[in-house]
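Build me a model from this:
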Amino acid sequence: MAVLFTVLAIVVTVIVLTQEVPATWVYLSPLVPLTVQWVTGLYLFAVPYRRRRDREPAATRS
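I've put the predicted structure just below:
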């Protein structure tokens, strides 16, 4: 799915940029799903570390 999104975004952007007056919203529109992917990726990266920290007794934390 990510590969399809990337290829589609590149193809559409190239097509739009070949026009005389390119539409700004077309090449900025991929930022919305990429931002969602970035935020969820950071969350999924941090989950194991939070769980590990929550399982440690308070006395052993530094």
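
looking at the protein, which helix or strand does the model trust least?
Least confident helix or strand of the chain, by mean pLDDT, DSSP states H and E, is helix 24-28 with a mean of 78.

got the buried residues for that one?
In terms of neighbour count (16 or more other C-beta atoms under 10 Å), helix 24-28 has its buried residues at Y27. The C-beta positions use only the backbone N, C-alpha and C, and glycine is treated the same way.

so what's V12 closest to, chain neighbours aside?
V26 (6.3 Å; C-beta to C-beta, 6 or more residues apart in numbering).

Looking at the helix or strand harbouring V47 now, give me its mean pLDDT.
Assigned by DSSP states H and E, V47 falls within helix 31-55. Mean pLDDT, computed over helix 31-55, is 86.

V21: what secondary structure?
At V21 the chain is in coil, as set by DSSP: H, G, I helix; E, B strand; the rest coil.

check contacts around the closest residue to L17 other than its chain neighbours.
Spatially, and ignoring its direct neighbours in sequence, L17 is nearest to Y27 (7.0 Å; C-beta to C-beta, 6+ apart). Neighbouring residues of Y27 by C-beta atoms under 8 Å, 6 or more residues apart in numbering: T13, V16, L17.

if we can go back for a sec, list the residues that contact the residue nearest to V12.
Contact analysis of V26 by C-beta under 8 Å, 6+ apart lists V12, T13, V16.

Pick the one among these closest to A46.
Closest approach to A46 among the contacts of V26 (C-beta to C-beta): T13, at 31.5 Å.

ok, so of the contacts of Y27, who is nearest P33?
Proximity of those to P33 (C-beta to C-beta) peaks at T13, which lies at 14.0 Å.

Now do the contacts for the closest one.
With contact set as C-beta under 8 Å, 6+ apart, T13 has these partners: V26, Y27, P30.

quick one: the last one and L8 touch, right?
No: applying C-beta atoms under 8 Å, one finds P30 not in contact with L8, separated by 9.1 Å.

Of these two, which one has the most company?
Neighbour count, other C-beta atoms under 10 Å: between P30 and L8, P30 has more, with 16 against 11.

where's the residue lying closest to that one once chain neighbours are set aside relative to R53, distance?
Closest residue in space to P30, ignoring its immediate chain neighbours: A9 at 4.5 Å, by C-beta to C-beta, 6+ apart. Plainly put, A9 is 37 Å away from R53 if you go by C-beta to C-beta, to the nearest Å.
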